[in-house]
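> Here's my sequence, what's the structure:
(one chain, ligands or ions: 1)
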Amino acid sequence: MADGQALTASLDLLAERIGDPTEDVYARLFARYPELEALFSMDTDGGVRGSMLSQAFDCLMDLAEGPGVMAETVIRSERANHDTYDVPAGMFEVFFEIIHDVTKRAAGSDWSPLMEAAWASVLADASRLSQPLPA
Ligand code: HEM
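The predicted model follows:
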């Protein structure tokens, strides 16, 4: 619950200060993993990148507000789908971390310990859900 409020507050700061963070998120992703850019070559209008990011935000909010059933379903099924897009293991964690970094940078001096704690909690959950299920 507290996580939900703190996460929302941080995302409000992001929206106020940056507006649409899509460009920044993907620029950071492709700077760290240039080989991933080619996977989006069919996404000529940016629609896939936009809806991917929006799903990721929805998952983070669902994890913060609880109970996280939607996030669990989406992350697990998308992780399986992304195997077929040749997205390597570990990249979901990177994507969620980049969203954290962009949000923290936008919040600047208004970033709070409560926000840090909320993000640490949802990133840990998102990372756990991004692992393959034991056979
Ligand atoms: C670095 C991490 C990721 C990479 C490289 C990646 C890559 C891709 C690619 C290449 C596609 C297009 C597939 C195609 O249509 O052929 C795609 C679609 C999609 N991805 Fe990701 N993905 C990542 C993380 C995530 C995460 C964390 C989520 C959600 C929690 C997500 C949700 C989606 C969704 C919903 C689509 C379909 C979007 C649409 O067609 O409207 N992805 N992703």
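
> When you work out contacts or count neighbours from here on, use the C-alpha atoms and nothing else.
Fine.

> Near the ligand, which residues of the protein? Just list them.
By CA under 6 Å from any ligand atom, the part of the chain that sits against the ligand consists of 36, 39-40, 48, 51-52, 55-56, 75, 78, 85, 87, 91-92, 95.

> and the most centrally placed residue in the chain, how far is that from residue 32?
The centroid of the chain falls nearest to residue 96 when counting by CA atoms, centre = their mean (3.2 Å). Spatial separation of residue 96 from residue 32 under the definition CA to CA, to the nearest Å is 14 Å.

> got it, and residue 64?
Taking CA to CA as the measure, residue 64 and residue 32 are separated by 27 Å.

> More neighbours: the two, which one.
Each of residue 64 and residue 32 had its neighbours counted (other CA atoms under 10 Å), and the higher figure belongs to residue 64 (25 against 11).

> got a list of what the more buried one touches?
By CA atoms under 8 Å, 6 or more residues apart in numbering, the contact set of residue 64 is 1, 3, 4, 7, 118, 121, 122.
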